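**Student:** have a look at this prediction, sequence included:
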Amino acid sequence: MSPNLARLRPLLVDELRGYAAQLADSYRTHEPTYTKTRGGRIKLVGVHTEDHPGLLAQLDDVAVYGVTSSADTPGARPVPQSRPPGTWEAVALYTDIDAEIAGWCWALDLPRRGSTQGDVRQLAGAAGEPRIVTDVQVDALCRTMRLWRTRAQSLIGWITAAYQPRATCPVLTCGRAGTLRVNLARKAGYCTACLSVWDDVDGSITVLAEHISAQTDARAVASERVRSGRSGHGAWLPDHPNGQTGPKGFAGLSDSGA
């Protein structure tokens, strides 16, 4: 048994329970609203409070209802569409997470609670019991729950589908194109191929942003060279996938959660 893990166990348990709460528990957000007075000053006029289900419940909604368009009312339940973007990925992700949760319950000899959220809460509670979960298992379970949290955050989008940049995975052993999924508002991203994650826990989301921006800049330079050919005409290669407009890299994303 590693003495470092034994010493870090309380911190790992707290971190793990934080991830479990985000996955399984509902939460409330408070959004201040402002107005501009005749004198040009900004005045607070109220606070909009809204309750949200946990990430797993949101992921399940995306899997069932799909993702709304930007013209829909913010905060409203997604409207079913004939080909909702991201739905099948959400179904696959929810199924993967549920299967991994079942594997952890079996490995720790814990009964299933009848719901995915209940199982997550049970795992978080068991992590504090050394007789049930060893230090090594706590470390592994913490990393696994972080992966579940980040993948769910990346795929969920109440207003638009998850951003899919035209960039390759920065992991050298992967390097596949079209596999990145990014949610800027939640500062999370992951690769559907190698399951690597980038988030704000260790600042790795900044590394991913710089990687995407570098590839976008390189594509923009190549596009300009095509446009400035001898004939004066050439094919324009779009810098912003999914119909995005605005600056390159992550700056082209909206703050709506996609």
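**Tutor:** Perfect, I can see it now.
**Student:** can you list contacts of stretch 189-207?
**Tutor:** With contacts defined as Cβ atoms under 8 Å, 6 or more residues apart in numbering, stretch 189-207 is touched by 89, 146-147, 150-151, 153-154, 169-171, 173-174, 176, 179-183, 187-188, 208. Placement of C-beta: from N, CA and C, glycine included.
**Student:** for it, buried residues please.
**Tutor:** For stretch 189-207, burial by neighbour count (16 or more other Cβ atoms under 10 Å) applies to Gly189, Tyr190, Cys191, Thr192, Ser196, Val197, Trp198, Asp199, Ser204, Ile205.
**Student:** the spatially most central residue of the chain is in what secondary structure piece?
**Tutor:** For the chain, the residue nearest the mean C-alpha position is Ser154 (1.9 Å; Cα atoms, centre = their mean). For Ser154, the host element (DSSP states H and E) is helix 135-155.
**Student:** may I have that helix exported as PDB, CA atoms only?
**Tutor:** What follows is helix 135-155 as a C-alpha-only set of coordinates in PDB (Å, rounded to 0.1, in the frame of the first residue of the first chain):
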ATOM      1  CA  ASP A 135      -6.700   3.400  -1.000                       C
ATOM      2  CA  VAL A 136      -5.800   2.200  -4.500                       C
ATOM      3  CA  GLN A 137      -9.500   1.800  -5.400                       C
ATOM      4  CA  VAL A 138     -10.300   5.300  -4.000                       C
ATOM      5  CA  ASP A 139      -7.700   6.800  -6.300                       C
ATOM      6  CA  ALA A 140      -9.000   4.800  -9.300                       C
ATOM      7  CA  LEU A 141     -12.600   5.600  -8.600                       C
ATOM      8  CA  CYS A 142     -11.900   9.300  -8.200                       C
ATOM      9  CA  ARG A 143     -10.200   9.400 -11.600                       C
ATOM     10  CA  THR A 144     -13.100   7.400 -13.100                       C
ATOM     11  CA  MET A 145     -15.700   9.800 -11.700                       C
ATOM     12  CA  ARG A 146     -13.800  12.700 -13.000                       C
ATOM     13  CA  LEU A 147     -13.900  11.100 -16.400                       C
ATOM     14  CA  TRP A 148     -17.700  10.500 -16.100                       C
ATOM     15  CA  ARG A 149     -18.200  14.200 -15.000                       C
ATOM     16  CA  THR A 150     -16.000  15.600 -17.800                       C
ATOM     17  CA  ARG A 151     -17.500  13.500 -20.600                       C
ATOM     18  CA  ALA A 152     -21.000  14.400 -19.500                       C
ATOM     19  CA  GLN A 153     -20.200  18.100 -19.200                       C
ATOM     20  CA  SER A 154     -18.700  18.100 -22.700                       C
ATOM     21  CA  LEU A 155     -21.600  16.400 -24.400                       C
END
